[in-house]
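**Q** Sequence and computational prediction follow.
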Amino acid sequence: MKIRDLIQHWETTARMPKTARQYNIQLPVYAAAKVAALVEMYPGRSEEQIICDLLCSALEELNESFAYVQGDKVLAHDDHGDPIYADAGMTPRFHQLIESHVSRLMMADSGHEDVD
């Protein structure tokens, strides 16, 4: 979800699955004031929901900002017969690590593994 899509998201109250792990952070004063302002503007949202949504959106934009690096492996061919190469940049590694951590966090949430 893009940052610009958050307002519509906040107005529709969509929910995403959450991990049992909690993260305690101290925000810079000006950032905390912005969060407080958003909570006043969208009273159906808690500070935690606002921070979570902002973080998720920022991570999605970060993911999209990784540069494509053409790899050697041809994955397919486009409509013109030109090869489409696998990405050899940061994106595949990021997604591999995400999946690894999703599995670990889901196991921890189900009580099978200690996350800390």
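**A** Received the coordinates, thanks.

**Q** Mind picking out the helix or strand in the protein with the poorest mean pLDDT?
**A** Of all the helices and strands that make up the chain, the one with the lowest confidence by mean pLDDT, DSSP states H and E is helix 6-12; it has a mean of 71.

**Q** quick one: the strands in the chain?
**A** Across the chain, reading from the start of the chain, the strands by DSSP state E fall at 70-77, 83-87.

**Q** out of the ones you listed, deepest packed?
**A** Between the strands of the chain, the one whose residues have the most neighbours on average, counting mean count of other CB atoms under 10 Å, is strand 83-87 (a mean of 14). Using the backbone N, CA and C atoms, a C-beta is placed for each residue, glycine as well.

**Q** Just want the angle from that strand to strand 70-77.
**A** Interaxial angle of strand 83-87 relative to strand 70-77 (axes from the mean of the first three to the mean of the last three CA atoms, to 10 degrees): 130 degrees.
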